[in-house]
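>>> The following block contains a protein sequence and its predicted model.
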There are 2 protein chains.
Amino acid sequence: MPLDLTASAADITRAICDIPSESGSEAHLADLIEESIRGLAHLEVIREGNTIVARTHLGRAQRVAIAGHIDTVPINGNVPTRDVEVDGVPMIWGRGTVDMKAGVAVQLKLAAELVEPAVDITWMWYDNEEVEAARNGLKLLAESRPDLFQADFAILGEPSNGEVEGGCNGTLRAVVRTTGVRAHSARAWIGENAIHRAAPILARLAEYRPREIAVDGLDYREGLNAVRISGGIAGNVIPDLCEVEVNYRFAPSRSAAAAEAHVRNVFVGFDVEITDVAEGARPGLDAPIAQEFVTAVGATPKPKYGWTDVARFSALGIPAVNYGPGDPHLAHHDEERVPIAQITATEDGLRSWLRGA
Amino acid sequence: MPLDLTASAADITRAICDIPSESGSEAHLADLIEESIRGLAHLEVIREGNTIVARTHLGRAQRVAIAGHIDTVPINGNVPTRDVEVDGVPMIWGRGTVDMKAGVAVQLKLAAELVEPAVDITWMWYDNEEVEAARNGLKLLAESRPDLFQADFAILGEPSNGEVEGGCNGTLRAVVRTTGVRAHSARAWIGENAIHRAAPILARLAEYRPREIAVDGLDYREGLNAVRISGGIAGNVIPDLCEVEVNYRFAPSRSAAAAEAHVRNVFVGFDVEITDVAEGARPGLDAPIAQEFVTAVGATPKPKYGWTDVARFSALGIPAVNYGPGDPHLAHHDEERVPIAQITATEDGLRSWLRGA
């Protein structure tokens, strides 16, 4: 059944959440999205894989990119959606409601409705956001069609409780290693216990006090955490290797090199291998168009802690914010659910700004 | 290819080390052992799983049990065996050479050769010694066929550098656990990091100073070590569980209950689950047959640190010692290797005592 983009954003949310689209399986939903907008005269539609771009060509002074990913993390008994009420608040419950099909629903509705927005708009709906960066649809599009990324401002519909969340923290992963000498545990004094040697690593993590750093007026809270630890071969062998994987979330004012130096400094004396790093994005809220947007939707900007694709726009010099319905704390949660009022509020905020900007 | 038990004990060592038999995968080696002795008229052969028993029925005044396990810890690039020379000493290098296929090779050779020993002999080759006690072939045999454990003395071929090592330390395994609260690592402050909470566990292990305790004239050295650590679910999730498996080796004068109390005391404040405990064995060298054996092989008794299955014989009231080629310090070591002269010396010592006792 084709998508009815004249329905309410809540109904569109229900409809697209009930079409499973776990990362790697977005084709069917992408087909329906393409079908629903392909016939609209005010939009040029471009498809690359399961990523769909639709844009106006009205010759406006400014162009805004508005993007959302159409994949979800794995369904865990939470599809189809259902309507629930939590503390008197009507909500749509189910996988994708928060991250981020309600945001996509608002975008789809407005893409069809806004025939003559005050700014030119490039809508982008992309796949594979919830998996490794190499598959990310927005990243691949930026590589294959950089021309589509000409914009003065970008809005990502990631859940932000209907507030404007600016920028995002960077993220770095590293493995901190200790080595030792294997021996039979009955004669431990012959060996060197790599797990015991990791004691200071955990002590430093336990004692670590993350910083809070103001960037362009927003306070970013950092974090340094062990996300995995492993060591040991058998129940009677003194282990010769212990690995602690740490994840450092760092303020967007820090470069990747500075983040790496910080982690190496915390674990000085240990073997540190950086396995993955992505810089954050400055909030970019000093750009006049960003300030107009924040004022128009009546929001108080907040920092975004999680890394999001706003960083891709930011890296291209495009100020970008997160603005979408849903509580980010419930993203990926099995009890994922979005207040219907937030869907409507986001829709109203976005519509009024796009009409009047 | 069947085993040739008329070959030298060194050749038999090479042959059976080159047949991988990590714990749980002993079937093929057990088949070959059974096949090589099944046809010998002087031996009654009994097979239970991958444990093989062969015994004489000569009506001798005394019966000696002589046992060895046929499994090894995991191979780590150290099979097939090769001949090496270290400081001018010819050796066979590779997994199992020390723990304890050289000892098994000596036993197999003598089992085939000694048609009319001076004592009746019950040979036992068993599986799963290197893993949890519940799977131990000798333990299972003692449960299913206690009748096979009638003996006046027991010799276990565990590596003892060709010396007689009396008794053994006890061994206890426990899991020390921390729990926390899962959260996205971008918002770590929502969660509680179970790995960070494990810092004091590793600190106590690193600071622990083991005791040395005299039992029946032999000095037993204790040890408390982490043998495994694990925690973490994904690279962006604050872990809610961390488990440290510890192994406590305790002097044979301590009871299992005292050992457990000691471990709980070291990790007071943490969740401690005792998963496995086996008391040690007092040296047992005051038995006349044990003294005769020590005199015959010309050895000075030493304490055995590692828990060995001598404790199973000891628990049945059978004095038992360890007597085998190989340096126990090299057991489980990636550079595991046995001096060929020790294989020959052990073979000679055992043969002369069994012939003349």
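Received it, and whenever you're ready, just let me know what you need.
>>> Okay, A:Asp31 and chain B: tell me how far apart.
Distance, A:Asp31 to chain B, by C-beta to the nearest C-beta, to the nearest Å: 30 Å. Backbone N, C-alpha and C define where each C-beta goes, glycine included.
>>> buried ones in stretch A:255-263?
Neighbour counts over stretch A:255-263 (16 or more other C-beta atoms under 10 Å in any protein chain shown) mark A:Ala259, A:Glu260, A:His262, A:Val263 as buried.
>>> Show only the entries of those residues found in helices.
Judged by DSSP state H, the buried residues of stretch A:255-263 include A:Ala259, A:Glu260, A:His262, A:Val263 as members of helices.
>>> so the first one makes contact with A:Phe250?
Yes: between A:Ala259 and A:Phe250 there is a contact under C-beta atoms under 8 Å: 4.5 Å.
>>> what is in contact with those two at once?
Here A:Ala259 and A:Phe250 have A:Gly170, A:Leu172 as joint contacts, going by C-beta atoms under 8 Å, 6 or more residues apart in numbering or on different chains.
>>> downstream neighbour of the one helix or strand A:Leu205 maps to in the secondary structure list?
Counting by DSSP states H and E, the element that carries A:Leu205 is helix A:199-207. Moving toward the C-terminus from helix A:199-207, the next helix or strand (DSSP H and E) is strand A:212-215.
>>> Please enumerate residues in contact with the one helix or strand A:Ala65 maps to?
Take DSSP H and E as the rule and A:Ala65 turns out to sit in strand A:63-69. The contact list for strand A:63-69, computed with C-beta under 8 Å, 6+ apart, reads A:100, A:103-104, A:107, A:119-130, A:137-138, A:149-158, A:289, A:309, A:313, A:318, A:320, A:324, A:350, A:354.
>>> can you do 7 Å?
Identification of contacts with strand A:63-69 by C-beta atoms under 7 Å, 6 or more residues apart in numbering or on different chains yields A:100, A:103-104, A:107, A:119-127, A:129, A:137-138, A:149-157, A:309, A:313, A:318.
>>> Direction included, what does that strand pair up with?
Pairing partners of strand A:63-69, with direction, according to DSSP bridges: strand A:120-126 (parallel), strand A:153-156 (parallel).
>>> follow-up on the earlier one: can you list the ones in helices among the buried residues of stretch A:255-263 in a markdown table and add distance to chain B and pLDDT?
Below are those laid out as a markdown table (distance: C-beta to the nearest C-beta, whole Å; pLDDT from 0 to 100):
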| residue | distance to chain B | pLDDT |
| --- | --- | --- |
| A:Ala259 | 14 | 98 |
| A:Glu260 | 17 | 98 |
| A:His262 | 16 | 98 |
| A:Val263 | 14 | 98 |
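>>> and stretch A:271-286, what's its mean pLDDT?
For stretch A:271-286, mean pLDDT is 91.
>>> Tell me, how many residues neighbour A:Asn136?
By other C-beta atoms under 10 Å in any protein chain shown, 22 other residues sit near A:Asn136.
>>> ok, now A:Thr97?
Residues lying near A:Thr97 (other C-beta under 10 Å) number 31.
>>> Please name the residues that touch the residue nearest to it when sequence neighbours are not counted.
In space, and not counting its chain neighbours, A:Thr97 is closest to A:Val338: 4.3 Å by C-beta to C-beta, 6 or more residues apart in numbering or on different chains. Going by C-beta under 7 Å, 6+ apart, A:Val338 touches A:Met91, A:Ile92, A:Thr97, A:Val98, A:Ala102, A:Pro325, A:Gly326.
>>> and if we set it to 6 Å?
Listed by C-beta atoms under 6 Å, 6 or more residues apart in numbering or on different chains, the contact set of A:Val338 reads A:Ile92, A:Thr97, A:Val98, A:Ala102, A:Pro325, A:Gly326.
>>> Show me these that map onto helices.
A:Ala102.
>>> Would you mark the buried spots in the helix holding A:Leu205?
Using 16+ other C-beta under 10 Å as the test for burial, helix A:199-207 gives A:Ala199, A:Pro200, A:Ile201, A:Leu202, A:Ala203, A:Arg204, A:Leu205, A:Ala206.
>>> just to revisit the earlier point, please identify the deepest-packed of the strands paired with strand A:63-69.
Among those, strand A:153-156 has the highest mean neighbour count (mean count of other C-beta atoms under 10 Å in any protein chain shown), at a mean of 27.
>>> Can you list the strands that the next helix or strand after that one pairs with?
Downstream of strand A:153-156, the first helix or strand assigned by DSSP H and E is strand A:164-166. Take DSSP bridges as the rule and strand A:164-166 pairs in its sheet with strand A:302-303 (parallel), strand A:320-323 (antiparallel).
>>> okay if I get the ones you listed as TSV plus distance to A:Val268, mean neighbour count and mean pLDDT?
Compiled in TSV, those are given as follows (distance: least, C-beta to C-beta, whole Å; neighbours: other C-beta atoms under 10 Å in any protein chain shown; pLDDT from 0 to 100):
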stretch	distance to A:Val268	mean neighbour count	mean pLDDT
strand A:302-303	29	20	90
strand A:320-323	35	29	94
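>>> re the thing from before, please pick the buried ones from the contacts of A:Val338.
Neighbour counting over the contacts of A:Val338 (16+ other C-beta under 10 Å) leaves A:Ile92, A:Thr97, A:Val98, A:Ala102, A:Pro325, A:Gly326 as the buried ones.
>>> Can you tell me which of those comes closest to A:Arg145?
Nearest to A:Arg145 among those: A:Ala102, at 26.9 Å, using C-beta to C-beta.
>>> Would you quantify the distance from the closest one to chain B?
Separation of A:Ala102 from chain B (C-beta to the nearest C-beta) stands at 19 Å.
>>> can I assume that residue is in contact with A:Gly324?
No: counting by C-beta atoms under 6 Å, A:Ala102 does not reach A:Gly324; the two are 7.1 Å apart.
>>> A:Leu202: what's its closest spatial neighbour, skipping adjacent residues?
Using C-beta to C-beta, 6+ apart and skipping residues adjacent in sequence, the residue nearest A:Leu202 is B:Ala199, 3.7 Å away.
>>> Show me which residues of the stretch 101-250 of chain A sit near chain B.
With C-beta under 6 Å from any C-beta of the partner chain as the criterion, the stretch 101-250 of chain A comes near chain B at residues A:173, A:184-188, A:190, A:193, A:195-196, A:198-199, A:202-203, A:205-206, A:223, A:225-232, A:234-235, A:237-238, A:247, A:249.
>>> at 7 Å what do you get?
Selection of the stretch 101-250 of chain A residues close to chain B by C-beta under 7 Å from any C-beta of the partner chain yields A:169, A:173, A:182-188, A:190, A:193, A:195-196, A:198-199, A:202-203, A:205-206, A:221, A:223, A:225-239, A:242, A:245, A:247, A:249.
>>> So which of the residues you listed are in strands?
A:173, A:183-184, A:221, A:223, A:225-231, A:237-238, A:242, A:245, A:247, A:249 (DSSP state E).
>>> what is the rounded mean pLDDT of the strand holding A:Ala65?
98.
>>> For it, C-alpha coordinates in PDB please.
Only the C-alpha atoms of strand A:63-69 are listed here, as PDB (Å, rounded to 0.1, in the frame of the first residue of the first chain):
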ATOM      1  CA  ARG A  63      18.800  26.300   0.900                       C
ATOM      2  CA  VAL A  64      18.200  24.000   3.900                       C
ATOM      3  CA  ALA A  65      19.100  20.300   4.000                       C
ATOM      4  CA  ILE A  66      16.600  18.300   6.100                       C
ATOM      5  CA  ALA A  67      17.600  14.700   6.700                       C
ATOM      6  CA  GLY A  68      16.600  11.600   8.400                       C
ATOM      7  CA  HIS A  69      17.600   7.900   8.400                       C
END
